[in-house]
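Asker: Structure for the following, please:
(chains A and B)
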Amino acid sequence: MLSDRNPYSPIVKMSAASASSSGSKMKNVENDNSSKRTVGSVKKKSSGDKNKKSESNTSSTIIKVKSVIPKRRQDLLKWYGWGYKDSMFKLEGNAATFTGNRYSIGGQTLPHLAQWAIDKFGIDPSRDPKIPELPKTFAESRLPESIRLELEEIAEVSIDGMDRLIRAHGQTLKDMAQLRTNSFPRIPDAVIWPDSHEQVEQIVACASRHNFVIIPFGGGTSVSGAVTCPAKETRPIVVLDTSDLNSILWLDKEQLLARVQAGIVGQDLEREMRARGFTVGHEPDSYEFSTLGGWVATRASGMKKNTYGNIEDLIVNTKVVTARGVFEKSCRVPRVSCGPEWEHVIMGSEGCFGVVTEVTIKIRPLPPVVRYGSLVFPDWESGFYFEREVARRRLQPSSIRLMDNEQFRFGQALKTENTWGGVLLDGLKRLYITKIKGFDPAKLCVVTLLMEGSAEEVSERESKLNNIAAQFGGIPAGATNGENGYTLTFVIAYLRDVAMEYDVVSESFETSVPWDRTLALCANVKQRIRNECAKRGIDKYLISHRLTQTYDAGCCIYFYFGHYIGNCVDPVSTYEEIEEAARDEIIACGGSISHHHGVGKLRKKWYADTVSEPGRQLLLAAKKALDPDNIFALGNMAFEEHSNNTDVSVKSKL
Amino acid sequence: MNVGRAYVDILEPRRKPGGIVGFMTRNWYPQHTMTLDKKYSPEDLKDLVANSLYMDSIMESICSRTGATKEELQKIVHNFLEEMGLDKKVHVIRWMGVLFLKICFMMKIKMFVNEVAVFKLKSIMGNNPVLFLPTHRSYADFCLMTYLCYHFNIDFPAVAAGMDFYSMAVIGRRMRETGAFYIRRTLGGDELYAVTLKQYVKTVVAKHAAPIEFFLEGTRSRSNKSMPPKYGMLSMAMVPFFSHEVSDITIVPVNISYDRLMETTLFAYEHLGVPKPKESTGGFLKALHNLNDHFGYIYLNVGLPISAREFFNQNPKVLNSPETAKPMDLQAVTPEQFKQVQSLANHVITVQQKNTMVTIANFVALTLMQNIQLNKLATIDEVYADIELFIKDLGYFGASIFVDLKDAVERILVVHQKMMKLDGEKRLKLIIASPMELSDEVKKKIKGHLMHPETMATSVSVIQLQLYVNPVLHFLVPASLLYLCVFHDPGQVTEVYFERVKVLRKMLSHEFFYVESDMEDKFQEALTFCSRHDVLAYDKEMDTLKLGKDKKRQWMLTWTLAPFITTLHVATLIMLEQHGRITEAEAAKRIQRKVVEFVQPREEHWLGHPYSLSLEVARNCLRGLADARSLIKYRGDNISYEAVPVNLEVAHRLTLSVLHRIPVDFHNNKAVCNQLLQSRL
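Answerer: Alright, predicted model coming up:
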């Protein structure tokens, strides 16, 4: 029942070639009318010259990566939602489809999805989806022309409205709601695309000189509001788009290290490494779009962290341009005992301290065998204790996840039309699990496994895991189920868009929690949400969770919550209230503010309590040391989103 | 300072019967430069390069830029390495050694070496790579250095050789087997070649436990004196030190001086623009035939070893570079480090200059050249007297002098019997060769201005003599310039002269290499010399200078620099006439033509020093003028220049102010005997 997978074929179907060709096919006709556009159409002479110069110099080990994602992101990516614009869920009557051919379910009919949505949320799939119109008007750019010209000397700049709008936000529910209605209180005044560390230095120096704000922008996939434009900022805001900072500066196959510019997109990095027989192995669910620098700034975690580590384990060196100069450790060493590790001040700094320009990151040889697996458990608790035991014995494969029953059933709803044989097999399996083993279909939970290594290692690990599973009543359920589970990871992100189009607001949030408090936390948070919904008269909603990462000292729990807006006057605020209540409950139950999403602007409320007052003071002190003029005024974590004294200096300087 | 006593003729023991074979077949356990756990064979070295991270990274990058496949590139790199890589076959070296000694005996050579310095060097070898940086005046330099190492039981050096040898049948291969590795002179454009070379040099320095030898000047000096160094090779060789792969690198400047260069005539023609023939084995054999003659002594002055670590220690930025955060193999030379490499290279050249062995051949040439310019026929006793004076003065400027005066002059007259001779009354004369008709084929290839055959013949002979004057000139340059400045404008304060000398030195810096930071000391030295000998009269109170009374030394300081200043001045003239850019080759040619007009007011009468016709001097003057910001230099496939009119005007006036016309008819001269006339008579 196990399938060995060729490690060279990526899990998600994508390639630079197909992406760029479909990108040009999908070119939005309306967008081309824009006359202000500078991206792509006007090539700055100066930046071209600079490229040449840097190449002829010491750059001979540089691998310039052709990114899947074009500079005009909107040509390939959905401007009003998640992901590629050719990929989305569509409901037409009772038939649901997923468009495009980028993912395994692409182009296929999903016969069970519409019914599931009707049952769960009471939506009306017969009506047209609410697709927003392309915005026509944008706030005037506040960037004085003189500064713009100065910036254009350094790198390519755009003040086009669409370019600015799509870089005004991340991917929170609120971001999406405001984006769809073009109602951001503040959008950036310009976008700049540096392609080298030196250019970033010049841009930051320019910002210090003229006192404008810089927001470093990578893939724009933040789900904490971290990258969202600070609403009350009065100074000009320039988004520093890192997408041109995407070269591999060197690759050391012996030391298994790569020096990479921080703007490289996850899938580009992974593709380039795989082409050379290596992998970084850092795969957050956003890795198709998020960037290396973004991972550093948010302290990201990847699905396969058990094998490859989280971002803090993967990074050897970081180079950061701060307003006070370039921050970098002078040596490339595995560990150092030299007072506090300041690199960790940069990891998770959420853009408030500077721009990460270059990173030395570990790479690994591609595993010869990648194998999926799944296990079925009669209920959440037995699945949980299985995970706990695996972690206790440190037997985690690359990924091990436990889905609750809701998610299991949602997964069933996402099943595509099957061949007769498949249906029959499915039927038999179901028969075996429910009738012979006596699992309750409304309670059973599924563990998905991703194992990597030599054939021997993988088989050995698998049999050990099966043995442990047996102790907790679990039974193997095949590789296909496992593989489907991981494929869905990347598709699930598209659900929120279709949900919004049919009046459902939804979002995910996560936490980390010690093992001993996990079960209670899960139960309490679910109950709290049910109560909050009841209080507000919301009866069509979904609350689900899964256990996505395990550690020695605890695990990561991922919640999904969505509700039908029904009679809500302000559904987004309602959602946020409920999520806030849920987070209060999480914290009270011993969970954390976040496992890998970060604090941003959404979770500031819990920051100080989490780090203690001296901790907060340290953060403020770091800010004062690195960015006294608040050039990086993103206002995340403990930072004010707006400070009065800056107004004065703006007037005097501009 | 006469250093003769510290020198030993290392060929002496070989002259005994059976001295060659016994020596060349002895057991070979040489002193290595360092002790490595693993010994790397020549093939290992190439493999290390081919499989290095550096090469891999570069190839990945090139693939991503050009779409070439890695296999293609690997093949190219493999071919590069086959072309480049050194080999080491001890039996070949033994045979070559036998041949070498046979030829030496045929040429009646003595090879003097300051043995003690070599023993000292050997005693500190063993811990880190050693670079031998010899001067390059003759092709023989290669062989001498390798023989030196064999003699003293030092592992054979890996020698960087130009591609011209590569294509020579048999010899190219044999040279490779004696440790030569081949490098292309121009790396322009071929990135993959450049990086392969870089990596190869780096690997040889770090992993080949034998000395590395290359010529800082990059090519043979055609003028028998030092040239400004090229920095590329040294900076490549220093990489293992900068990356701390090795703890130190020992740099050994070596000066090799010859009583008689094999290439004298060839060089003289090259100065005038007649191209050198391509190196070929046939040519080599032909040259071999000419070697059955007296070539006199060769002096190898092995300088004090310089520790790179100590040299760079003055600058902490050089030892700790941010590049250490990169993989060791990818560590590049930082701009700061490159600057220091430059100053190291410059330092080595000055050491070579200082270690130049001034020999009796130079003194005789100096005396003869001086007399020619005076149109004076000197007896052998007068020659001795002149030589004594030169020895004294050059000794003052710190020259290493190797003289055994009594029989030396006679010895030199045998060695240089084709160039000079004593007439019946024991008076010294320069022999002027009979004019030779150049074939049309050669004429086509001439890079310079085509001259009258007689002018050509005279020039070639005088230039040959000048080649033995050249090596001592750098000692005299500061005093000479100072004297000329005062002569033409006496009574100024020393500061004024200092400034002028400084600018002139800069303009002549490619002709007479010096390090700018030494300028002040050298000026002081010159001032002391001039005032001590009453060349100039120094007024202490006013700090001014006037002319003194020592006519003899004044004359010496005048004629020695005259040809160079003539060319420099003419260069300013040509460039002032020129509108817009002009290539270096074209400008040099025009300078040469102008010099002919300038010093030859009437047909047939040649009234100037032929060395000012040298294309090399012309090129050096252009480069110097560019350094002094009178010209803008454009690099590229062809170097070209453009005037900076304001500055060039100043340069023009300055050179005019020190221009000293010495009208000498070199053709009809008392101190010259004309072979042509003789044969006609």
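Asker: any low-confidence regions in chain B?
Answerer: B:1-2, B:4, B:187-188, B:276-279, B:404-406, B:600-606, B:675-681 (pLDDT under 70).
Asker: Residue numbers of it in contact with chain A?
Answerer: Proximity of chain B to chain A (CB under 8 Å from any CB of the partner chain) is limited to residues B:53-54, B:56-58, B:60-62, B:64-65, B:191, B:195, B:320, B:322, B:324-327, B:329-330, B:332. C-beta coordinates here come from the backbone N, C-alpha and C atoms, glycine included.
Asker: quick one: contacts for A:G302?
Answerer: With contacts taken as CB atoms under 8 Å, 6 or more residues apart in numbering or on different chains, A:G302 has the following neighbours: A:281-284, A:287, A:308, A:310-311.
Asker: For those residues, which two are the farthest from each other?
Answerer: Comparing all pairs in the contacts of A:G302 by CB to CB, the longest separation belongs to A:Y287 and A:N310, at 13.2 Å.
Asker: burial count for residue 485?
Answerer: This is for chain A. Applying other CB atoms under 10 Å in any protein chain shown, we find 23 residues neighbouring A:G485.
Asker: was after chain B, sorry
Answerer: By the measure other CB under 10 Å, the count of residues near B:C485 is 23.
Asker: Just want the most central residue of chain A.
Answerer: Ranked by distance to the mean C-alpha position of chain A (CA atoms, centre = their mean), the top residue is A:S286 at 3.5 Å.
Asker: Would you mind measuring from that one to chain B?
Answerer: Computed as CB to the nearest CB, to the nearest Å, the A:S286 to chain B distance reads 25 Å.
Asker: Quick check: closest non-adjacent residue to whichever residue of the stretch 301-450 of chain A sits closest to chain B.
Answerer: Here the stretch 301-450 of chain A gets closest to chain B at one residue, A:R332, 4.5 Å apart by CB to the nearest CB. Computed as CB to CB, 6 or more residues apart in numbering or on different chains, the closest residue to A:R332 that is not its neighbour in sequence is B:A325, at 4.5 Å.
Asker: contacting residues for that neighbour?
Answerer: Shown in contact with B:A325 (CB under 8 Å, 6+ apart): A:317, A:328-332, A:360.
Asker: Buried by neighbour count, from these: which ones?
Answerer: Among the contacts of B:A325, those buried by neighbour count (16 or more other CB atoms under 10 Å in any protein chain shown) are A:317, A:328-329, A:332, A:360.
Asker: Sort out for me which of those residues are in strands.
Answerer: In this view, those that belong to strands under DSSP state E are A:317, A:360.
Asker: buried stuff in the lengthiest helix in chain B?
Answerer: In chain B, taking DSSP state H as the definition, the longest helix is helix B:453-488. Buried residues in helix B:453-488, counted by 16+ other CB under 10 Å: B:454-487.
Asker: Run a quick neighbour tally on the closest residue in space to B:A169 that isn't next to it in sequence.
Answerer: Among residues not flanking B:A169 along the chain, B:T281 sits closest, at 4.5 Å (CB to CB, 6+ apart). Counted with other CB under 10 Å, the neighbours of B:T281 add up to 13.
Asker: One more: B:T69?
Answerer: Look at B:T69: counted by other CB under 10 Å, it has 11 neighbours.
Asker: Closest residue of chain B to chain A?
Answerer: Closest point on chain B to chain A, by CB to the nearest CB, is B:S57, at 3.9 Å.
Asker: Where does B:V77 sit: helix, strand or coil?
Answerer: Classification of B:V77 by DSSP: H, G, I helix; E, B strand; the rest coil places it in helix.
Asker: that older thread, how about the nearest residue to the residue of chain B closest to chain A once chain neighbours are set aside, what does it touch?
Answerer: Leaving out its chain neighbours, the residue that sits closest to B:S57 by CB to CB, 6+ apart is A:T61, at 3.9 Å. Contacts for A:T61 (CB under 8 Å, 6+ apart) come out as A:249-251, B:54, B:57-58, B:60-61, B:330.
Asker: Take the residues you listed and keep only those in helices.
Answerer: B:54, B:57-58, B:60-61.
Asker: Closest to B:E584 out of those?
Answerer: Looking across the ones in helices among the contacts of A:T61 and measuring by CB to CB, the closest to B:E584 is B:I58, at 32.1 Å.
Asker: thinking again about what came up before, out of the buried ones among the contacts of B:A325, which comes closest to A:Y84?
Answerer: Among those, A:T360 lies closest to A:Y84 (CB to CB), at 30.6 Å.
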